[in-house]
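Asks: below is the structure, and that's it, no one-letter string:
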């Protein structure tokens, strides 16, 4: 089933010049990039994005970190995209992330873990809507798309 999911390269990933590496990992997996932008997230958007964690002890620090510098937001599309992205990112805590995953290879600690990815179809839909207007997402067919459906 073709899905769309949101991925953010967090400020630590952008500052360490890992945005291209992260994008490349997802494209090499076969996921299609259908939306991309760089921005500094405003606090109100960050609080809305992380609303499910409001009231938890780590919420203020998480919000402070995500607004501390530029991020790269992207929408990826493909069969089972949400699980594919989550698997490729690795565990939230880099100490638990498998070698070869983005976090296992590149992340420093649980806060500075390079990437965020939607964790469910519902989250993906909500999060994509926070960062992208429908007209900012591009639909196109790649030659490989035909091969994937055979």
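Replies: Great, that's in hand. Just so it is clear, the structure is predicted and the values come from calculations on it, not from any experiment.

Asks: which intervals of this protein have sub-threshold pLDDT?
Replies: Low-confidence segments of the chain, defined by pLDDT under 70: 147-150.

Asks: who's in contact with the closest residue to residue 138 other than its chain neighbours?
Replies: Leaving aside its chain neighbours, residue 138 sits nearest to residue 34 (5.3 Å; criterion: C-beta to C-beta, 6 or more residues apart in numbering). To be clear about C-beta, it is placed using only N, CA and C from the backbone, and glycine gets the same treatment. By C-beta atoms under 8 Å, 6 or more residues apart in numbering, the contact set of residue 34 is 4, 75, 76, 77, 137, 138, 139, 140.

Asks: please, which helix or strand holds residue 34?
Replies: Counting by DSSP states H and E, the element that carries residue 34 is strand 32-40.

Asks: helix or strand right after that strand?
Replies: helix 43-49.

Asks: list the buried residues for that next one?
Replies: 45, 46, 47, 49 (16 or more other C-beta atoms under 10 Å).

Asks: after that helix, which helix or strand is next?
Replies: helix 59-66.

Asks: now do that following helix: which elements does it pack against?
Replies: When contacts are defined as 3 or more C-beta pairs under 8 Å, 6 or more residues apart in numbering; DSSP states H and E, helix 59-66 packs onto helix 43-49.

Asks: helices or strands up against the helix it packs on?
Replies: helix 59-66, helix 121-131.

Asks: buried set for the longest one?
Replies: In this case it means helix 121-131. For helix 121-131, by 16+ other C-beta under 10 Å, it's 124, 126, 127, 128, 131.

Asks: can you list contacts of that helix?
Replies: Taking C-beta under 8 Å, 6+ apart as the rule, helix 121-131 contacts 3-6, 8, 35, 37, 45, 48-49, 73, 75, 82, 118, 137.

Asks: okay, the angle between that helix and strand 32-40?
Replies: On the basis of axes from the mean of the first three to the mean of the last three C-alpha atoms, to 10 degrees, helix 121-131 is oriented at 50 degrees to strand 32-40.
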